[in-house]
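From the sequence below, what's the structure:
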Amino acid sequence: MKSLTKLHLALFLCIFSFTAYAAQLENLANTMLQADKTSTTNNTNQADLVQITMDQLGITQAQAQGGLGSLLSMAKSSLGGSSFDPIANSIPNINSLLQATPEVDNSSPLSTLSNQLGNLSPTAKGGLMVYNAFEQLGLSKEMVDPMMDILGDYLNTNGSKGSSDLLMKALTPLTVTQDPLDLK
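Residues are numbered from 1 along each chain as shown. Predicted structure coming up:
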């Protein structure tokens, strides 16, 4: 009888241990799934921003990424430091968009104008950089405003509170200076 009780106790301990171990495995699996879901959501959100831009403006992925990147680069340089953080934290993998910004083409008319005018403010230089990037991407300057609107709407929906307003404040010179070559 004692050996039967010891057997029951051993069996009970095995089952209890297995159940506890299974619960730990389930918690670990759920944690990993949640982390993967968050990563997928972040990638999807950025893909959605690029896809929305492509769909609404009828442009290629490279044009959407480069155009968005140039707008974000201007905002980053206009705001500087931690002031850009609310925007940066609202767009997953923002660095890939920033890296998609074309290098400034020093032979373009916009660069020539910038060089001839001399000491431009950083904001004015940022505006010329955006127009230069759009030119290199094969986008007209008329695409700047709609792309700004798409980016602003995206931040209103997916961004932290005030991130869209902060972006628009940083990009205000683009709405004021519609054509940097129009010197009328």
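
switch to C-alpha atoms for all contacts and neighbour counts from now on
Fine.

mind listing the helices for this structure?
All helices of the chain, identified by DSSP state H, fall at 2-57, 61-79, 85-88, 94-99, 109-117, 122-136, 144-158, 163-170, 172-176.

By mean pLDDT, flag the weakest helix or strand of the chain.
Least confident helix or strand of the chain, by mean pLDDT, DSSP states H and E, is helix 2-57 with a mean of 56.

per-residue confidence for residue 126?
Note for residue 126: predicted pLDDT of 76.

who's in contact with it?
74, 77, 78 (CA atoms under 8 Å, 6 or more residues apart in numbering).

Quick one: neighbours of residue 150, just the number.
By other CA atoms under 10 Å, the residues close to residue 150 number 18.

wait, it sits on residue 53?
Yes: because the distance of 6.6 Å satisfies CA atoms under 8 Å, residue 150 is recorded as touching residue 53.

Might you report the residue contacts of the residue nearest to residue 79 when sequence neighbours are not counted?
Distances taken as CA to CA, 6 or more residues apart in numbering put residue 170 closest to residue 79, at 6.3 Å, once the chain neighbours are dropped. Residues in contact with residue 170, defined by CA under 8 Å, 6+ apart, are 74, 75, 78, 79.

So what's the residue count around the closest residue to residue 145 other than its chain neighbours?
Distances taken as CA to CA, 6+ apart place residue 175 nearest to residue 145, at 7.1 Å, with adjacent residues excluded. Neighbour count of residue 175, defined by other CA under 10 Å: 13.

Look at residue 175 and report its pLDDT.
The model reports residue 175 with a pLDDT of 76.
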